[in-house]
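A.B. asks: A predicted structure for the sequence below; I have some questions about it.
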Amino acid sequence: MAEVAAFLAARTAARGRTVDRRLVETASLLHDVDKLFPPGDPRRAGGHGQAGARWLAEQGWSELAGPVAAHPVGRLLDHDGEGPGWLDTAPPENLIVAYADKRAAQRLEPMGDRFARWRQDHPDRDGSLARAWLLAQDLERYLCTAAGIAPTDVRRLRWAGRAVARAGQ
């Protein structure tokens with residue numbers, strides 16, 4: 001996911017838009033940090049994304065909180081009814097991290113495939129996922145336009161594996 005976000009940030013920045021690439025890359029690496037907390041841990045309060053953002057801020061990395069909080073699929077519904085205008089007001093780092101999360105699991109995949117799997121795995125959330133899907137398509141169009149690419153042109157900027165390996169030495 002971090003490599004997809006890094007690719008999108010680089011492409012967007014290359015087109016003259018202001019994007020903090022280091023923030024995107026770091027937040028992408030840490031976007032699921034709250035999943036490391038054991039079940040029932042009070043640090044999980046607030047739900048996925050919010051819990052990780054709060055913990056990062058408590059550790060002194062408040063700049064990471066926005067993109068981490070913005071990435072879960074359910075956060076798209078915070079903007080339900082606002083239309084595409086919310087895309088113009090959200091920080092680009094938040095949008096890039098959120099979109100990359102919708103495109104990458106263990107591998108880069110079309111966003112529709114990811115949503116289909118979520119709907120299959122969570123039939124109790126089918127209605128909210130259907131609404132989130134519509135908003136995610138707005139997000140995809142917006143970001144791909146900003147990056148000057150089609151959704152099929154999204155790639156991985158292969159750096160994370162090497163960087164993590166070097167950090168462990």
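C.D. replies: Yep, that arrived. Numbering: from 1, shown residues only.
A.B. asks: and the helix or strand harbouring residue 51, what does it pack against?
C.D. replies: Using DSSP states H and E, residue 51 falls within helix 50-58. Judged by 3 or more CB pairs under 8 Å, 6 or more residues apart in numbering; DSSP states H and E, helix 50-58 is in contact with helix 65-70. Quick note: C-beta positions are derived from backbone N, CA and C, even for glycine.
A.B. asks: residue 106 is in what secondary structure piece?
C.D. replies: Applying DSSP H and E as the criterion places residue 106 outside every helix and strand.
A.B. asks: residue 97 reaches residue 68, doesn't it?
C.D. replies: Yes. Using CB atoms under 8 Å, residue 97 is in contact with residue 68, at 7.3 Å.
A.B. asks: sorry, back to before: give the buried residues for the helix holding residue 51.
C.D. replies: Buried residues in helix 50-58, counted by 16 or more other CB atoms under 10 Å: 50-57.
A.B. asks: and if you look at stretch 71-82?
C.D. replies: Those would be 71-73, 75-76, 79, for stretch 71-82 by 16+ other CB under 10 Å.
A.B. asks: top helix in this protein by residue count?
C.D. replies: Secondary structure assigned by DSSP state H gives helix 126-147 as the longest helix of the chain.
A.B. asks: sorry, back to before: of the buried residues of stretch 71-82, which is the nearest to residue 131?
C.D. replies: residue 76 (8.0 Å; CB to CB).
A.B. asks: sorry, back to before: so can I have JSON lines of the buried residues of helix 50-58 showing distance to residue 17 and pLDDT?
C.D. replies: Formatted as JSON lines, the buried residues of helix 50-58 follow (distance: CB to CB, whole Å; pLDDT from 0 to 100):
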{"residue": "50", "distance to residue 17": "27", "pLDDT": "91"}
{"residue": "51", "distance to residue 17": "30", "pLDDT": "94"}
{"residue": "52", "distance to residue 17": "26", "pLDDT": "93"}
{"residue": "53", "distance to residue 17": "24", "pLDDT": "94"}
{"residue": "54", "distance to residue 17": "29", "pLDDT": "94"}
{"residue": "55", "distance to residue 17": "29", "pLDDT": "94"}
{"residue": "56", "distance to residue 17": "25", "pLDDT": "95"}
{"residue": "57", "distance to residue 17": "26", "pLDDT": "96"}
